[in-house]
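Participant: Sharing a sequence plus its predicted fold:
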There are 8 protein chains.
Amino acid sequence: MDERNVRILHAIAQLGTGSPDEISEYTDIPTSTVHYRLSQLKEDGIVTNDLFDVDLKKLGLEITIITEVIAEYDEEYHEEVGSKLADIEGVNQVYFTMGDTDFIVIAHLSDREMVHRLISDYESIDEVVRTSSQFVIETVKDEPHPLNDFDLETLLETIHG
Amino acid sequence: MDERNVRILHAIAQLGTGSPDEISEYTDIPTSTVHYRLSQLKEDGIVTNDLFDVDLKKLGLEITIITEVIAEYDEEYHEEVGSKLADIEGVNQVYFTMGDTDFIVIAHLSDREMVHRLISDYESIDEVVRTSSQFVIETVKDEPHPLNDFDLETLLETIHG
Amino acid sequence: MDERNVRILHAIAQLGTGSPDEISEYTDIPTSTVHYRLSQLKEDGIVTNDLFDVDLKKLGLEITIITEVIAEYDEEYHEEVGSKLADIEGVNQVYFTMGDTDFIVIAHLSDREMVHRLISDYESIDEVVRTSSQFVIETVKDEPHPLNDFDLETLLETIHG
Amino acid sequence: MDERNVRILHAIAQLGTGSPDEISEYTDIPTSTVHYRLSQLKEDGIVTNDLFDVDLKKLGLEITIITEVIAEYDEEYHEEVGSKLADIEGVNQVYFTMGDTDFIVIAHLSDREMVHRLISDYESIDEVVRTSSQFVIETVKDEPHPLNDFDLETLLETIHG
Amino acid sequence: MDERNVRILHAIAQLGTGSPDEISEYTDIPTSTVHYRLSQLKEDGIVTNDLFDVDLKKLGLEITIITEVIAEYDEEYHEEVGSKLADIEGVNQVYFTMGDTDFIVIAHLSDREMVHRLISDYESIDEVVRTSSQFVIETVKDEPHPLNDFDLETLLETIHG
Amino acid sequence: MDERNVRILHAIAQLGTGSPDEISEYTDIPTSTVHYRLSQLKEDGIVTNDLFDVDLKKLGLEITIITEVIAEYDEEYHEEVGSKLADIEGVNQVYFTMGDTDFIVIAHLSDREMVHRLISDYESIDEVVRTSSQFVIETVKDEPHPLNDFDLETLLETIHG
Amino acid sequence: MDERNVRILHAIAQLGTGSPDEISEYTDIPTSTVHYRLSQLKEDGIVTNDLFDVDLKKLGLEITIITEVIAEYDEEYHEEVGSKLADIEGVNQVYFTMGDTDFIVIAHLSDREMVHRLISDYESIDEVVRTSSQFVIETVKDEPHPLNDFDLETLLETIHG
Amino acid sequence: MDERNVRILHAIAQLGTGSPDEISEYTDIPTSTVHYRLSQLKEDGIVTNDLFDVDLKKLGLEITIITEVIAEYDEEYHEEVGSKLADIEGVNQVYFTMGDTDFIVIAHLSDREMVHRLISDYESIDEVVRTSSQFVIETVKDEPHPLNDFDLETLLETIHG
C-alpha cells in the first residue's frame, strides 16, 4: 500500500471522521485525491463500510497477542502502570481486572520483530513484575460496534429500559 | 434514552453506515428525524465522532467481563465452539489462543442479571468444560480504531513497507 | 454443656427469637427454666449479647474449613449442586463465584471425625468433580452483623443514599 | 430508606441489642419512634426476625466479593496484616488459612465504586503482596446462626457430648 | 502416660537401642523398672514390636502436616534452609526436590497450638518466602521399615543384584 | 551384598524383631550365622543401631520419588485407591490430604527401571486420573523415630500432659 | 531455494550421509550436480559444516513451538501417544516427563498455517486431553552435537571415567 | 571407552567435520588411528551414521532434564540470562518463550552428581528467581536432523515454495 493511503487511513482514525475535506487539510493531500483513494480502499475491501472500519489482515496487522501483566503492588499503582501499558505501540486494549488484580492487554502486530519489541516494551516498565503472553491462533470474533452484539429487543430493554 | 434513539444506533451498527437515508429506510423513522436525533446524540456525547463510535458507559453497558473458556478437546472442535461463543448476546470478542488451546472471550453487559444470563449461556454449550470469568474493574484503554495504536511513522514502515 | 442448654440454643436459632415463651413452647422446657438458663448462658459468655449471638469456640465448634468445590459443568447445574452443598451438616456459607465458576463453602466443625464426614459428604454429591479444602488457622474476624463493618457515615451515604 | 432507620439499624449492630430504650439513648431518637420504626422495618422484611437479622439485599448491600490475600512472609506477620484487613470498611470475615498461609476475606458492598475503594484499600496495606478477588454470582447460603447448620441430634452429640 | 514412660521412649529413640541397661543409665530409672515399663508399653500397644516402633496415635501425635516450602533462590541456599527446617520441633522429614526446587516437609503434631507454633517457626526462617501446608486426613501407610515395601524377590534382585 | 544378608534384613523388617532365633527360624539360616552376619552388617554401617535401622543408600535404594496422585472423585473412593497405592512395591508412605483431596505418596527405589515400573503401576490403577512425580535431589532429614523430632520437655508436656 | 536443493538436503537427512554418490542414487540427480549443489549450499551458509548441519532459519523454518501435552491416563498409554506425537509433521522432539506425567514436544514450522495444522494434528489424537503451546521468541541455543555442551575434561571424566 | 575415542568424538563436534586429517591435527592422534577408531565406533553403534551422530545412551549421557527458568524481570534481561544458561555444562538447548516470558532449558547428564551440579549452576546465576526441573522418563523422539521431521512433499512446498 502506498504512503498516501496510509496517511489517509491514519487521519481517519486520528480525526474520527471520514470527511475528505478534513482529511485533506490534515494530510495535505488534495480533497479530490482523498475522494478517489477512499473509493479505491473500499473497492479493495481495506475500508469495509461507511463507518470506515478497516480490515487489519489486509493491512498486514495479522498477529494478535493477549498478555497478562502482573505489576508491583502499591497504592493506586494500577493507574500509573495502566497508562504506561496503554502508550505502548500496537496495544489496543488494556483492562484492569479483579481476578488477580492485574492487567489483560491485547495488541495487534505485523511481524515477529514487532513481537520482540512489544515484549521489550513491557520489560522496560519498572513496575511490571511478570508478563505472560499468548499468541492468538484465530480471531473468531472482533466486533468493532458492540451494539451489534445484541438483538434489537435486548437493546430496547436494556438501554431504553 | 427513548426507543427511536436505540433503533437509530442499532441501525448504524447493523448497516455499517451513518447515512440518514439508509437509517430511515431501515427503521421507518423519517429522515429528518434521524438527522435531528443524530445531532442530539452527538451533542449528548453518546455518539462521540463522525465515525459514529458510541460511549458504552453512557448507554449503560458499563460491565465488562473477560472469560477464559476451556472446551472439550476434539478434532476441529474450536470452530464449532468458537462460533457458539460468538453468538451469545453481549459477547464482543472471541479469541482462540495457543496458551492452553482455549478461548478468551470479552463481553459487555449492563447489570447483574445479564451476568447471570451470560454464565448460563456458557454453561449451556455442551462442549464447554469450564469457564473462569474476571470482572473488569477499569477499562484503561479500548481503542475502536487500531490504527490509532501506532505512530504514523510505524504505520508507514509496517504497512507501506 | 447439658442437654437443655443445647435445646434452648437450637430453638433460638430455629425460631429466630430469644423469647422465653416461644422457646419454652418449642422445647417443652418451662419458661422460668428457659429464663434462668439464658441468663446463665449469658453469664458464661456462651450467649454474647441481647441478639443471642453465640461463641462457637465455647460451644466446641472450633474447626473452620474453607472448601473450593468444582462441579460438573452443565446448564444451570449450580442451582442443584449449590443446594446440595447447603444441606450438608456444618456448612454455614455457600457462594457461587465467577472466578472459576464453582463454589466456595465455609463450614464449622468440632473435631477430626466431623472433618472426615464433611469430606465424605462432598464426595457423595454426584456432580462434584473435585474439592480442595483449607484448614483455618485463625479466624481473625467473623462479624455476625454486617452493618458493623461500616461507619455510620458510610451507611448513611450508601443505604440512605 | 430514611436516615433514622439507618441510625436505628446501626445502633442494634453496635450495641448488640434490640432494646428500644438502649437504641433510643444511643441515637437520640425517642423510644416510641424506635418502637414504631422497628415494627415498620419488620413489616418491610428488612429486619427478618426477633434476633434482628437484616436482609442485606434490601439494604442495597448486594455485592459480595471474596478475596485471597497474599502478604509478605515475616515472623508473626499474619496478626498485623489480619487486623489491618479486618479494619477495612465492608470487610465481614477474615480467615488466616493453612493452604498457602494467607488470608481469605469476604466483603459486602453496594456498588462498583465501593469495589474500587476496597481494592485500593487492599493495595494501601504495605505488607500485602498480591490479591485475587472473586465476584460472587449467587449467595446460595449465608446462615447468620451457625447452630442452624446442624440437626438437633448432632448438636446434642457434639456439644453436649 | 506418666513421665517415666515418656523418658524411656525418648531414651530409646535418642540412643537407638532398647537395652534396659543403657536406658536406665540414660534416664536414671532403675533397670528393673525399665524392664517392667517396657513390657507394659508393649502390652498397651504403644510399643508395637521388638524393634521398639511406637504408635504415634496412641502417643497423642495424631496430626500430620505436609508443607511445601519455597525459599529465596541463592547459591547453595538449600543446605542452609534445609537444616533450619530439619531443626524445627515436630519436623520428621525434609526433602529438597527437583520439581520447583524447594522443600517438602512432613511434621507430626499433637494439637492446634502446635500447628500454630509450626507455622510461626516456618515464618521465622528468613530465607523462607512462602509455605503451603496441607492437613493429612488419613495416613494410609507409613512404614517405618522400608524393606517391608518390597517382596523378598525384588530385594534379592535389587540389592543382591 | 550376598543373598543371606538380604534374607536376614528382610526377616527383621517382616517380623519386627532383631532376635537371631526368630530370624533363623524364618530364614532357615543357622542362628550362629545370623549372629555373625548381624555384627558384620553393623560393622559395615548397613544396620545403624540396636533398633536395626538400615542405611537405604548403602542398600542401593538411593532414589526417592514424591508423587501427587489425583484420583476419580467418588464416595469413599479414597479408601480403595489408598490401599492400592500402598500395595505398590517401593511405596513407603501414602497420605490422603485435605489440600486437593488426593494423595501424596513417597517411594524409595534403586534405579531408572524401577522408576519406570512405579509410573506404570500408578497408571494401572483405574481410579487414578493424573500423577505428578518429583525427584528428590537430597533427603535432608528422614528420621525413623519421630520422638527424636522433639525435645524431652516438649514430649513431657505433650504426651504426659 | 529450488527443488533439487530441497531433494538433496532431504536425502542427506534420510540417508544419514553426505556422500554424493548415495545422494545421487537416492534422488536421481547426477553426482556431479550433487557435488556442485553441496558446495553452493555451503557457500550460502545453508549447510553449515562438514557434518551437514543446516541453518533452519535460512530454510524458512523459523517458528519453534514448545507444547505441553496432557493425555488420558491409562496403563502404558504413554507409548501409544508418544509415538503418535512423534509422527506429526514438524515435531522434532518428544519427551515423556515425570513432572505431570505427560509430554513436552518441540516442533519447527515455517508459517502460521503450519501452526494451525500442528494444533489440529494434536487435536486429532484421541487420547490427548489438553495441550498448551508456547511460542519461542528466541532460540538462545540449540546445539546439534551434545558433546559440544561439555568441556573435554568433563567428557573424559564422565565417559572415559 | 578409552581416552582417545573421547578426544576424537569431541574433535568431531568441535570442528564440525568427520575428516580424519583435521581430527588428527586437532587431537595429535595419527590419522590412521583416527581412521581405525572411527570405524570401530561405527561398528559399536556409538557413531550411528556418516553424519557422525552419536548415541548419547551408549556414551553414558542417559539423564535428560527439562527446566523451566524464571528470571528477574528487567529490560533486555533475557539476553544476559539466556547466554549464562547456555554456558552451563550439559545444557543443550535454551529457549526464550512467550508463555510466561522465561526460559525452557534442556540438558543431558550422566549421573546424580551432575544433576546436583546443574541445579547449583542455575542457583548461582544472580538473575534467576526460580527453577522447576523435570526428569525425562523416556525420550520418545530426538531427531538430530529436523528435515527428517517432514515429508519430502511438505519440504518442497514449504522451502521451495
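Facilitator: Received it, and whenever you're ready, just let me know what you need.

Participant: all contacts plus neighbour counts: C-alpha atoms, from now on.
Facilitator: Will do.

Participant: Geometric centre of chain A: which residue is closest?
Facilitator: residue A:92 (3.7 Å; Cα atoms, centre = their mean).

Participant: what's it sitting at in phi/psi?
Facilitator: phi -110, psi -30 (degrees, to the nearest 10).

Participant: I'd guessed it sits against residue B:139; true?
Facilitator: No. Taking contacts as Cα atoms under 8 Å, residue A:92 lies outside contact range of residue B:139: 11.4 Å.

Participant: related to what we said a few turns ago, contacting residues around the residue nearest to the centre of chain A?
Facilitator: Counting by Cα atoms under 8 Å, 6 or more residues apart in numbering or on different chains, residue A:92 touches A:86, A:105, A:106, A:107, A:108, B:141, B:142, B:143, B:146, B:149.

Participant: go with 10 Å
Facilitator: A:64, A:85-86, A:105-108, B:141-150 (Cα atoms under 10 Å, 6 or more residues apart in numbering or on different chains).

Participant: so which residue of chain A comes closest to chain H?
Facilitator: Closest contact between chain A and chain H, by Cα to the nearest Cα, is at residue A:132 (4.0 Å).

Participant: Say whether chain E is contacted by the top strand by length along chain A.
Facilitator: Taking DSSP state E as the assignment, the strand of chain A that covers the most residues is strand A:128-142. No. Applying Cα under 10 Å from any Cα of the partner chain, one finds strand A:128-142 separated from chain E by no less than 16.4 Å.

Participant: gap between the next helix or strand after that strand and the chain center?
Facilitator: Next in sequence after strand A:128-142, counting helices and strands by DSSP states H and E, comes helix A:152-155. Chain-centre distance of helix A:152-155: 27 Å, with Cα atoms, centre = their mean, to the nearest Å.

Participant: ok, residue A:115 - contacts?
Facilitator: Applying Cα under 10 Å, 6+ apart, the residues near residue A:115 are A:63, A:64, A:65, A:90, A:107, A:108, A:109, A:121, A:135, G:137, H:98.

Participant: switch to 7 Å and redo it
Facilitator: residue A:109 (Cα atoms under 7 Å, 6 or more residues apart in numbering or on different chains).

Participant: Next, give phi and psi for it.
Facilitator: phi -60, psi -50.

Participant: how far away is it from chain B?
Facilitator: 13 Å (Cα to the nearest Cα, to the nearest Å).

Participant: What of residue A:21?
Facilitator: 13 Å.

Participant: cool, residue A:31 as well?
Facilitator: Per Cα to the nearest Cα, residue A:31 is found 17 Å from chain B.

Participant: Likewise for residue A:141?
Facilitator: Taking Cα to the nearest Cα, one finds residue A:141 at 5 Å from chain B.

Participant: Is that residue in contact with residue B:86, as I believe?
Facilitator: Yes. With contacts counted by Cα atoms under 7 Å, residue A:141 reaches residue B:86, the gap being 6.2 Å.

Participant: Settle it for me: which of those two has more neighbours?
Facilitator: Remark: of residue A:141 and residue B:86, residue B:86 carries more neighbours, 22 against 19, as counted by other Cα atoms under 10 Å in any protein chain shown.

Participant: The residue of chain A closest to chain H and chain C: what is the separation?
Facilitator: Distance from residue A:132 to chain C, by Cα to the nearest Cα: 19 Å.

Participant: Need the three-state assignment for the closest residue to residue A:5 other than its chain neighbours.
Facilitator: Computed as Cα to Cα, 6 or more residues apart in numbering or on different chains, the closest residue to residue A:5 that is not its neighbour in sequence is residue A:37, at 6.8 Å. Per DSSP: H, G, I helix; E, B strand; the rest coil, the local secondary structure of residue A:37 is helix.

Participant: which residue packs closest to residue A:66, ignoring adjacent ones?
Facilitator: That would be residue A:106: by Cα to Cα, 6+ apart, it lies 4.6 Å from residue A:66.

Participant: That neighbour sits in which helix or strand?
Facilitator: strand A:103-109.

Participant: From the contact counts, what lies against that strand?
Facilitator: strand A:63-71, strand A:91-97 (3 or more Cα pairs under 7 Å, 6 or more residues apart in numbering or on different chains; DSSP states H and E).

Participant: Determine which stretch of those strands is the most buried.
Facilitator: strand A:91-97 (a mean of 24; mean count of other Cα atoms under 10 Å in any protein chain shown).

Participant: So what's the gap between stretch A:8-27 and the chain middle?
Facilitator: From the chain centre to the centre of stretch A:8-27 is a distance of 17 Å (Cα atoms, centre = their mean).

Participant: Ignore what I typed, I meant stretch A:14-34.
Facilitator: That offset, for stretch A:14-34, works out to 21 Å (Cα atoms, centre = their mean).

Participant: Restrict it to CA atoms and write it as CSV.
Facilitator: Extracted C-alpha coordinates of stretch A:14-34, given in CSV (Å, rounded to 0.1, in the frame of the first residue of the first chain):
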residue,chain,number,x,y,z
GLN,A,14,-6.9,10.3,14.4
LEU,A,15,-9.7,12.8,13.4
GLY,A,16,-12.6,10.4,14.0
THR,A,17,-14.1,11.4,10.7
GLY,A,18,-14.2,10.2,7.1
SER,A,19,-14.8,13.7,5.7
PRO,A,20,-12.5,14.2,2.7
ASP,A,21,-12.1,17.9,3.4
GLU,A,22,-10.9,17.4,7.0
ILE,A,23,-8.6,14.5,5.8
SER,A,24,-7.2,16.7,3.1
GLU,A,25,-6.5,19.5,5.5
TYR,A,26,-4.8,17.1,8.0
THR,A,27,-2.7,15.3,5.3
ASP,A,28,-2.0,18.0,2.7
ILE,A,29,-3.4,15.6,0.1
PRO,A,30,-5.9,17.3,-2.3
THR,A,31,-9.5,16.6,-1.5
SER,A,32,-10.2,15.0,-4.9
THR,A,33,-7.3,12.6,-4.3
VAL,A,34,-8.7,11.7,-0.9
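
Participant: And for residue A:157, the neighbour number?
Facilitator: 11.

Participant: Check the gap between the residue nearest to residue A:108 when sequence neighbours are not counted and residue A:82 for me.
Facilitator: The shortest distance from residue A:108 to any non-neighbouring residue, by Cα to Cα, 6+ apart, is to residue A:64 (4.6 Å). Residue A:64 is 19 Å from residue A:82, where distance means Cα to Cα, to the nearest Å.
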